[in-house]
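>>> Provide a 3D model corresponding to the input given below.
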Amino acid sequence: MGDPGLFTPHSVTWQMHGDPMMWIAGVRALYLQALHPRAVRGVLQNSDFRHDAWGRLMRTANFVGTISYGTTEAAEKAGARVRKIHSKLTATDPDTGEEYPVDEPALLLWVHCAEIDSYLTVARRSGLRLTDAEADRYIREHRASARLVGLDPDTVPADRAEMAAYFEKVRPELAAGPEAREVDDFLLRPPTPRLLVSARALVWRRVAGLAYAALPPYAHELYGRPAPEPAVVDRRLRAAGRLLRAVPDRLRWQLPPKHIIRAMERLGPGSRPARYKLGR
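From the prediction side, this is the model:
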């Protein structure tokens, strides 16, 4: 038996992160993360987001795949790379001129919680069966991923109640400033080769629209764009989940960088992520 990694095949993370709805959840996380002015400045002031957005999204997906399904050594190395990069970066508040490090614990915590909340929310609302205990366990498991990016695990929410309390506490700091508007505009109209413009209108805008609709109501209020009623959003998420889950897992997992395929080769066929292992 090879190294099972940080989470192991028995974790909620192992079963959940192989679900195709995680892509929509990732876009929801971007929308949510952009509502923290200090956090989103750290991204926009330190990256060519508009010209390398797809590369950035794929690097983020690769990081999540590595820490979810890679060896312990691979996960630790990925975390060390992220911490090293963040340690060298600063951002500037345009109103006050304050310069601050992008790896402030409060900013890292916001990014972490927005991501984990998005994964869990979209998974459950789209029909992935998780018990309340499994949802709490998933949040608790990701104290490990929080540690990798430089957070003290003891300061990170460990269940749904603590996560809800965190969001309630941080809400006064959130705003849809110019940087959030830029992210919103990008997600609605990402740069696309001319031959794929029609595909962007047909597919991507639906993905981004569904991710936006899945945000909490206060986020819709901040962005100033309405969304359908929650029951309507739930129906659309479940429909998307049925459609995407109809694609055979083995086919989806063959796409690079093949984290799940490599994990199954390392640990054997019994390590295969499976939705039926949840919600019991």
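>>> give me the mean pLDDT for the host helix or strand of Ser118.
Assigned by DSSP states H and E, Ser118 belongs to helix 105-125. Mean per-residue pLDDT for helix 105-125: 98.
>>> for it, buried residues please.
Under the neighbour-count criterion of 16 or more other Cβ atoms under 10 Å, helix 105-125 has 107-125 buried. Every C-beta, even on glycine, is put in place using the N, C-alpha and C of the backbone.
>>> same check, this time on stretch 125-138
In stretch 125-138, counting by 16+ other Cβ under 10 Å, buried: 125-128, 130, 134-138.
>>> what's the first helix or strand after the helix or strand of the chain with the lowest mean pLDDT?
In the chain, no helix or strand scores lower on mean pLDDT, DSSP states H and E than helix 197-199, which sits at a mean of 63. For helix 197-199, the following helix or strand on the C-terminal side (DSSP H and E) is helix 205-213.
>>> outside of the helix or strand harbouring Leu237, which residues touch it?
Assigned by DSSP H and E, Leu237 falls within helix 230-245. Identification of contacts with helix 230-245 by Cβ atoms under 8 Å, 6 or more residues apart in numbering yields 19-21, 24, 122, 125-128, 210, 213-214, 227-228, 275.
>>> start to end distance for stretch 260-280?
23 Å (Cα to Cα, to the nearest Å).
>>> go through that stretch and flag the buried ones.
260, 262-264, 266-267, 271-273, 275, 277-278.
>>> identify each of the helices in the stretch 1-150 of the chain and give its residue range.
Listed in chain order, the helices of the stretch 1-150 of the chain (DSSP state H, counting those that start in this stretch) span 12-16, 22-33, 37-44, 53-69, 72-87, 105-125, 132-141, 143-148.
>>> out of those helices, which one sits most buried?
helix 12-16 (a mean of 25; mean count of other Cβ atoms under 10 Å).
>>> output that one as PDB - backbone C-alpha positions only.
Once non-C-alpha atoms are left out, helix 12-16 reads as follows in PDB (Å, rounded to 0.1, in the frame of the first residue of the first chain):
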ATOM      1  CA  VAL A  12     -15.100  12.900   2.800                       C
ATOM      2  CA  THR A  13     -12.600  15.000   0.800                       C
ATOM      3  CA  TRP A  14     -11.500  11.900  -1.200                       C
ATOM      4  CA  GLN A  15     -15.000  11.100  -2.300                       C
ATOM      5  CA  MET A  16     -16.200  14.700  -2.800                       C
END
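>>> chain center to that helix: distance?
Put simply, helix 12-16 sits 14 Å off its chain's centre (Cα atoms, centre = their mean, to the nearest Å).
>>> could you say what helices and strands that helix packs with?
In terms of contacts (3 or more Cβ pairs under 8 Å, 6 or more residues apart in numbering; DSSP states H and E), helix 12-16 is packed against helix 53-69, helix 132-141.
>>> can you list contacts of the longest one?
Contacts of helix 53-69 from elsewhere in the structure, counted by Cβ under 8 Å, 6+ apart, are 5-7, 13-14, 17, 22, 26, 47, 49, 74-75, 78-79, 82, 144-145, 148, 186, 190-191, 257, 259-260, 262-263.
>>> so how far is it from its chain's centroid?
The answer for helix 53-69 is 10 Å, by Cα atoms, centre = their mean.
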